[in-house]
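Participant: what follows is a protein structure lacking sequence information:
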């Protein structure tokens with residue numbers, strides 16, 4: 001059976017090749033190139049409007065003392081940390097994918113709390129608040145100690161960067177910049 005089919009396959013292949021023909025026998029239609037004029041130079045992009053720097057120069061009034069206890073209503077409405085500031089942040093972006101407990105520079109913020117590697121700050125009083133900035137007092141605890149801290153938190157770079165400025169005894173001298181971690 002295979003001997004009788006082979007000549008049929010062979011002759012069919014020859015016919016298929018013959019049908020293709022030789023492209024040298026047929027004239028090739030002339031193609032016209034269309035070229036658009038090239039501008040002399042790319043127009044300059046419009047100048048970028050810089051995002052205003054966060055006001056980190058908040059000067060606390062020495063007459064305003066930290067609250068003795070957390071004020072009522074803290075953590076909701078106008079007495080909550082703004083949604084733009086909430087999330088997971090890290091000073092060192094390589095800490096973002098690490099699991100909790102090994103992410104040494106991570107900071108997790110919710111409506112009323114700041115959670116660091118070895119300490120926790122509870123929002124006690126809101127002094128100033130906008131959609132992207134908060135000036136507030138916190139009650140901190142960690143490593144067997146308790147302390148009060150006034151902080152300014154603000155977001156820049158379209159919400160990609162958090163700037164933290166601490167005020168009070170033991171506060172860092174300079175602002176700290178955090179990168180937002182992916183959810």
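Facilitator: Perfect, I can see it now. Since the model is a prediction, treat every value here as computed from it, not as a measurement.
Participant: so how far is residue 162 from residue 73?
Facilitator: Separation of residue 73 from residue 162 (CB to CB, to the nearest Å): 24 Å. Quick note: C-beta positions are derived from backbone N, CA and C, even for glycine.
Participant: neighbour count winner among these two?
Facilitator: Comparing residue 73 with residue 162 by other CB atoms under 10 Å, the one with more neighbours is residue 162, at 25 against 11.
Participant: low-confidence stretches in the protein?
Facilitator: Along the chain, segments meeting pLDDT under 70 span 1-57.
Participant: what's the first helix or strand after the longest strand anywhere in it?
Facilitator: In the chain, assigned by DSSP state E, the strand with the most residues is strand 145-156. Counting by DSSP states H and E, the next helix or strand C-terminal to strand 145-156 is strand 161-167.
Participant: for that next one, buried residues please.
Facilitator: Neighbour-count burial for strand 161-167 flags 161, 162, 163, 164, 165, 166 (criterion: 16 or more other CB atoms under 10 Å).
Participant: of the residues you listed, which is the nearest to residue 138?
Facilitator: Of all these, residue 138 sits closest to residue 166, with 9.5 Å by CB to CB.
Participant: quick one: residue 94 is in a helix?
Facilitator: Yes. Membership of residue 94 in a helix is supported by DSSP: H, G, I helix; E, B strand; the rest coil.
Participant: now it: how far from residue 161?
Facilitator: From residue 94 to residue 161 the distance is 16 Å (CB to CB).
Participant: same question for residue 127.
Facilitator: 22 Å.
Participant: now the strands: where do they sit in this protein?
Facilitator: Counting by DSSP E, the strands of the chain are 87-90, 106-109, 113-115, 120-129, 133-142, 145-156, 161-167, 176-180.
Participant: which strands and helices sit next to the first one?
Facilitator: Right, strand 87-90. Contacts defined by 3 or more CB pairs under 8 Å, 6 or more residues apart in numbering; DSSP states H and E place strand 87-90 against strand 106-109, strand 176-180.
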